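>>> give me a model of this one.
(one chain, ligands or ions: 1)
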Amino acid sequence: MSILQIRTFPDPILRSKAKPVMEINDDIKNLTSDMIETLLEAKGLGLAANQVGVLKRIIVLNFPEKQPMALINPEIMKKIGRREVEEGCLSFPDLELTITRPNSIIGTFTNLKGDRKSSTFVGVWAQAFQHECDHLDGITFDTL
Ligand code: NI
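Prediction:
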């Protein structure tokens with residue numbers, strides 16, 4: 001495992017759209033391990049592959065009291081409610097924005113075993129799930 005360099009604004013890769021992962025092989029597993037290690041080191045809630053220079057649809061989330069988790073090809077199926085939140089981003093180290101996010105999200109993703117899962121993400125986890133999915137579409141604080 002190794003710590004990866006986190007790309008920061010205005011690196012153009014942050015504006016690029018990531019491509020779906022077709023096969024969960026050792027390269028993908030190694031990348032997710034490195035992304036999780038990088039996220040823990042940076043003390044963030046979430047990280048998208050674009051932020052470490054890889055245009056693949058992979059995000060990692062650092063849930064408290066759970067194992068950090070890799071989500072492959074994540075998609076938002078439904079957004080429920082709205083709330084105003086303070087939000088930061090590891091690619092914009094000195095910026096905090098007040099924006100509107102859903103209260104909860106129903107999201108789907110593939111886990112590292114290759115199983116397609118559906119989960120409800122609530123509160124800060126709905127926020128993190130959407131924030132990281134936005135990264136995969138090249139959407140960041142400067143383009144929100
Ligand atoms: Ni971010």
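
>>> which parts of the chain are helices?
Along the chain, the stretches classed as helices by DSSP state H are 26-42, 124-136.

>>> out of those helices, which is closest to residue 15?
Ranking the helices of the chain by proximity to residue 15 (C-beta to C-beta) places helix 124-136 first, at 10.1 Å. (Each C-beta comes from the backbone N, C-alpha and C, glycine too.)

>>> dump the closest one to CSV, restricted to CA.
Output in CSV follows, covering the C-alpha atoms of helix 124-136 (Å, rounded to 0.1, in the frame of the first residue of the first chain):
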residue,chain,number,x,y,z
VAL,A,124,-23.2,13.5,6.2
TRP,A,125,-22.9,10.2,4.3
ALA,A,126,-25.5,11.3,1.7
GLN,A,127,-23.4,14.5,1.4
ALA,A,128,-20.1,12.6,1.0
PHE,A,129,-21.6,10.1,-1.5
GLN,A,130,-22.9,12.9,-3.7
HIS,A,131,-19.7,14.9,-3.3
GLU,A,132,-17.6,12.0,-4.5
CYS,A,133,-20.0,11.0,-7.3
ASP,A,134,-19.7,14.7,-8.5
HIS,A,135,-16.0,14.3,-8.7
LEU,A,136,-16.4,11.3,-11.0
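
>>> which other helices and strands contact that helix?
On a contact count with 3 or more C-beta pairs under 8 Å, 6 or more residues apart in numbering; DSSP states H and E, helix 124-136 meets strand 46-48, strand 58-61, strand 69-80, strand 83-89, strand 92-101, strand 104-110.
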